[in-house]
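Novice: What would the 3D arrangement of this be:
(4 chains)
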There are 2 protein chains.
Amino acid sequence: MREERRLDDRKLAVLRAIVQDYVGTEEPVGSKALVERHNLGVSSATVRNDMAILEEEGYIHQPHTSAGRVPTDKGYRLFVDRLTEVKPLSTAERRAITNFLDHALDLDDVVARTVRLLAQLTRQVAVVQYPSLTRSTVRHVELVALTPTRVMLVLITDTGRVEQRLVDCPSQVGEAMLADLRSRLNARAAGRRFAEVPTLLQDLPESFAHQDRAAVTTVLSTLFEALVEQTEERVVLGGTANLTRFPHDFPLTIAPVLEALEEQVVLLRLLGETGDPGVMVRIGHENAYEGLNSTSVVSVGYGSGDETVAKLGVVGPTRMDYPGTMGAVRAVARYVGQILAAS
Amino acid sequence: MREERRLDDRKLAVLRAIVQDYVGTEEPVGSKALVERHNLGVSSATVRNDMAILEEEGYIHQPHTSAGRVPTDKGYRLFVDRLTEVKPLSTAERRAITNFLDHALDLDDVVARTVRLLAQLTRQVAVVQYPSLTRSTVRHVELVALTPTRVMLVLITDTGRVEQRLVDCPSQVGEAMLADLRSRLNARAAGRRFAEVPTLLQDLPESFAHQDRAAVTTVLSTLFEALVEQTEERVVLGGTANLTRFPHDFPLTIAPVLEALEEQVVLLRLLGETGDPGVMVRIGHENAYEGLNSTSVVSVGYGSGDETVAKLGVVGPTRMDYPGTMGAVRAVARYVGQILAAS
DNA sequence: GCTGGCACTCGTAAGTCAAGAGTGCCAGGG
DNA sequence: CCCTGGCACTCTTGACTTACGAGTGCCAGC
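Specialist: Down below sits the predicted model:
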């Protein structure tokens, strides 16, 4: 293809150098500075020619005549795909992760700590999704009578998550009937995946006395609701103060970013659209949401064992240290997975 | 006192006008503009004299010679205390509150919606504390055997909140013993306030068979821990994008503010230090936390009935519309209180 | 005690200028 | 054919100057 013909190894090296320098200095990088800081073995004039080609192909861009070059989204994309490797963490960083996460108390705490850790490690905005329940199984369902017609339904999942729902029953429910329902419910549903539960329980009301059937049906439908609703995931955010580390594009970009980050739906879509198992990077305009057009998202799935139960990642400026960020995100995800598997 | 002698009604009117104009225009206000926009009945020269007095007393301040005046923290304080009334909401705003909160599903949803609502209404950063459990009572304690030595403890409070804890028991716990413990626990603790529970349950282990006592003690201490820990409150934040509406002092002030707002501890102290029942306003340096020295906090307690169970409020620039903000905060708090009382 | 008038201060905007960075292009050499 | 040194050109940036105007403080007079 055409690009292959025009972009020889040296041009790619130039692009790599531009990205690295620009990420470091935050300033457009010129040909002269480039040859000084990287031993490319050619003169600045040659580099200028290469840059002209790279610009023609859309990998770099010139803010104005007589300024240095800045990578475009397409340039970052090529850099991420072919010009760099994920950078493994230093042992100090690795130790920080274990230190920080080993002291987590429960699921909420794991998520909260993960978000703080990611934000600190990458110095960017961290996003962590609660473990998904779509593939989760029911560990236990508890029913507690609060008043004669009111029942508290508590759903406990195998990821250690607990959800409660208040059920207003159409008729009085006796303690005996409640105990009966509880045990039958658990007998059938415990250990099952969420998706299976409704079919497994659909004929349950029939086995109850006529006057109790309405109440049983109400309880069941509340349970089903809870199961479905929990697939709408929660997302936790941290490190928004890191947005202020870029006084450049202020306050143009920060406002829409903050707005976007407050929308759970947007956050979920940010993380949600990845399919493959590796670290996903979405750069600038590759992001569906307009407010995030000048940011990149680095995300990855995590889970106990080999199943992905949720995603986590960071949001930062397109001008970010991709190798380092990808390394940090991946490392944190792995360790969180281990923690989840152990608990 | 001296102030009373020097600050006659007209000077106070001038201060009020300065605050109002400055909040509106965000620019230092001069004597001429003041007499044009408010019918003070005197000339600009007179106003200038008054301003000189107000400045001597520290109520207003001049950024530089030949600039208009800006209220100081002390000036805002006087304004809030004596020069204005809390502004009641418009019917449209009132309707927005009811519309928004009436559709809340559960406690989490109430809090989430409240935060969004407050942020929208005041166009500032909203902070809502989860209802306090210190005065809460235990509604039910549930124990679920997960493995022979592992028990899930679920605590349900009268505010509808649910907390779970995993308990690793030193010995195997049978289903029968667990049922026994469950019923005794609820018999003694249900309906009681958190603080009472430990004393009520302290001799419980003695009534169990010798080989079970260690397990019972473990479960109980986990329960007590959960009770205590829940008095450390959670706080939810929203509307941080509103911080970007002040391109003036950027990005000087926004960074420390964002940092402060990410610290749960700081947030809690922000809300927590108020005692009296009315709306509390803390202006600029009245704030203990340094990063918030250029912001004001407007907060108020809310609760079902007449007991305050938690607080909510907003954080904004000292240059804010105090009457409007106070009105909005108060109205939201009242309505949330009603919702909580009803559910 | 209020008012009009006036001189003074000082921040802001606009305009000018020089310096420097960076480029594109070209002609020559390997 | 590709690389290189050289050179003219562009355009941003910062410093400096200037003019303007908003706003003040003060004073004499009513």
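Novice: what about the nearest residue to residue A:258 once chain neighbours are set aside, which SS state?
Specialist: Ranked by Cβ to Cβ, 6 or more residues apart in numbering or on different chains and with sequence neighbours excluded, the top spatial neighbour of residue A:258 is residue B:241, at 3.7 Å. The way it works is simple: take the backbone N, C-alpha and C, and place the C-beta from them, glycine included. Three-state assignment for residue B:241 (DSSP: H, G, I helix; E, B strand; the rest coil): helix.
Novice: can you pull the pLDDT of residue B:241?
Specialist: Per-residue pLDDT puts residue B:241 at 87.
Novice: One more: residue A:276?
Specialist: Listed pLDDT for residue A:276 reads 65.
Novice: And for residue A:80?
Specialist: 96.
Novice: likewise residue A:45?
Specialist: 92.
Novice: is the helix or strand encompassing it up against DNA strand C anywhere?
Specialist: Element membership for residue A:45 (DSSP states H and E) is helix A:44-56. Yes. Helix A:44-56 comes into contact with DNA strand C (Cβ under 7 Å from any atom of the strand), by way of A:44, A:45, A:48, A:51, A:52, A:55.
Novice: got a list of contacts for that helix?
Specialist: Contact partners of helix A:44-56, identified using Cβ atoms under 8 Å, 6 or more residues apart in numbering or on different chains, comprise A:6-7, A:10-11, A:14-15, A:18, A:31-32, A:34-35, A:40, A:60-62, A:69, A:75.
Novice: ok, the closest residue to DNA strand C within the stretch 1-150 of chain A - how many residues close by?
Specialist: Among all residues of the stretch 1-150 of chain A, residue A:30 sits closest to DNA strand C, at 2.7 Å; criterion: Cβ to the nearest atom of the strand. Per other Cβ atoms under 10 Å in any protein chain shown, the neighbour tally for residue A:30 reads 19.
Novice: With residue A:103 instead?
Specialist: Around residue A:103 there are 9 residues (other Cβ under 10 Å).
Novice: same check, this time on residue A:158
Specialist: 18.
Novice: Next: the one 5 residues further on.
Specialist: Number of residues near residue A:163 (other Cβ under 10 Å) recorded here: 18.
Novice: Assign it to helix, strand or coil.
Specialist: Per three-state DSSP, residue A:163 ends up strand.
Novice: quick one, strands of chain A?
Specialist: In chain A, the strands defined using DSSP state E lie at A:60-61, A:70-71, A:125-129, A:138-147, A:150-157, A:162-168, A:235-238, A:280-283, A:295-302, A:310-317.
Novice: Figure out how far the third one is from the centre of its chain.
Specialist: Same thing as strand A:125-129. 6 Å (Cα atoms, centre = their mean, to the nearest Å).
Novice: these two touch, right, residue A:226 and residue A:163?
Specialist: Yes. Between residue A:226 and residue A:163 there is a contact at 5.3 Å, judged by Cβ atoms under 8 Å.
Novice: Between those two, which contacts overlap?
Specialist: Taking Cβ under 8 Å, 6+ apart as the contact rule, residue A:226 and residue A:163 both touch residue A:155.
Novice: mind listing what the residue nearest to residue A:334 when sequence neighbours are not counted touches?
Specialist: Nearest non-adjacent residue to residue A:334, counting by Cβ to Cβ, 6+ apart: residue A:302, 7.3 Å away. Residues near residue A:302 by Cβ under 8 Å, 6+ apart: A:308, A:309, A:310, A:311, A:312, A:333, A:334, A:336, A:337, A:340.
Novice: Give me the buried entries from the residues you listed.
Specialist: Buried members of the contacts of residue A:302, scored by 16 or more other Cβ atoms under 10 Å in any protein chain shown, are A:308, A:309, A:310, A:311, A:312, A:333, A:336, A:337, A:340.
Novice: Please convert the residues you listed to CSV, extending it with pLDDT and distance to chain B.
Specialist: Converted to CSV, those look like this (pLDDT from 0 to 100; distance: Cβ to the nearest Cβ, whole Å):
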residue, pLDDT, distance to chain B
A:308, 80, 23
A:309, 79, 18
A:310, 85, 18
A:311, 90, 21
A:312, 93, 17
A:333, 94, 22
A:336, 92, 17
A:337, 90, 19
A:340, 81, 13
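Novice: and which of those is nearest residue B:260?
Specialist: Checking the buried ones among the contacts of residue A:302 against residue B:260 with Cβ to Cβ, the nearest one is residue A:312 at 24.7 Å.
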